[in-house]
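Student: Predicted model and sequence below, questions to follow.
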Amino acid sequence: MSRDVLSIGQVRIHSGRVTREEAMKEAADILESVGSVTGAYFDAMQQREQTVSTYMGNELAIPHGTNETKDEILASALSLTRYDGGVDWGGEPVTFVVGIAGKGDEHLEILSQIALIFSDEDEVERLKNAQTPEELFALLSSVNES
């Protein structure tokens, strides 16, 4: 069993509003802080965003690198940040930013777990109402069960 892709230290809640770039930078920094990606991953995320928006609907964005930058990924991991003030994601309103780094094809499995959680509006409502990072983490810990 590989290590968990999400730990409590990778979950944050901010009351304020940030730009898309700031949100992506925070996601990349969290992934880098746990040894999942190199310092070049933020640039990889920006490259991806220029080609195709990582906005997924339901107030969720999942910034990640391009296929060409897979070398920047050292281990699979997630970051999850909730911005209560919102993020303008290329014109779309985003509350949840899930940074993702998947080694090999693992990102597909992780992505489908996240998509499943966020496709359920009741679940999204629970995530928005969580008072602490611990509560938020508990609601999302199923991503570690893949």
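Tutor: Looks like it came in fine.
Student: How about residue 77: which residues does it bridge to?
Tutor: Residues in a beta bridge with residue 77, per DSSP bridges, are residue 101.
Student: what about it, how many neighbours?
Tutor: Counted with other CB atoms under 10 Å, residues neighbouring residue 77 total 27. The C-beta positions use only the backbone N, C-alpha and C, and glycine is treated the same way.
Student: can you pull the contacts of it?
Tutor: 5, 6, 10, 31, 34, 36, 37, 100, 101 (CB atoms under 8 Å, 6 or more residues apart in numbering).
Student: Tell me how far the third one lies from residue 103.
Tutor: Shown here: residue 10 relative to residue 103, a distance of 16 Å by CB to CB, to the nearest Å.
Student: more neighbours, those two?
Tutor: Neighbour count, other CB under 10 Å: between residue 10 and residue 103, residue 10 has more, with 23 against 15.
Student: My guess is that one contacts residue 34. True?
Tutor: Yes - using CB atoms under 8 Å, residue 10 is in contact with residue 34, at 6.3 Å.
Student: out of the contacts of residue 77, what pair is the most spread apart?
Tutor: 6 and 37 (14.6 Å; CB to CB).
Student: More neighbours: those two, which one.
Tutor: With neighbours defined as other CB under 10 Å, residue 6 and residue 37 compare such that residue 37 has more, 27 against 22.
Student: Do you have the helices of this structure handy? List them.
Tutor: With DSSP state H as the criterion, the chain has helices at 20-33, 41-51, 106-118, 121-129, 133-140.
Student: Only alpha carbons, please: show the fourth one as PDB.
Tutor: In other words, helix 121-129. The C-alpha atoms that make up helix 121-129 are tabulated as PDB, following Å, rounded to 0.1, in the frame of the first residue of the first chain:
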ATOM      1  CA  GLU A 121     -24.200  18.400  -4.400                       C
ATOM      2  CA  ASP A 122     -25.000  17.300  -0.800                       C
ATOM      3  CA  GLU A 123     -21.300  16.300  -0.400                       C
ATOM      4  CA  VAL A 124     -20.100  19.700  -1.700                       C
ATOM      5  CA  GLU A 125     -22.500  21.400   0.700                       C
ATOM      6  CA  ARG A 126     -21.000  19.400   3.600                       C
ATOM      7  CA  LEU A 127     -17.500  20.300   2.400                       C
ATOM      8  CA  LYS A 128     -18.500  24.000   2.400                       C
ATOM      9  CA  ASN A 129     -19.900  23.800   5.900                       C
END
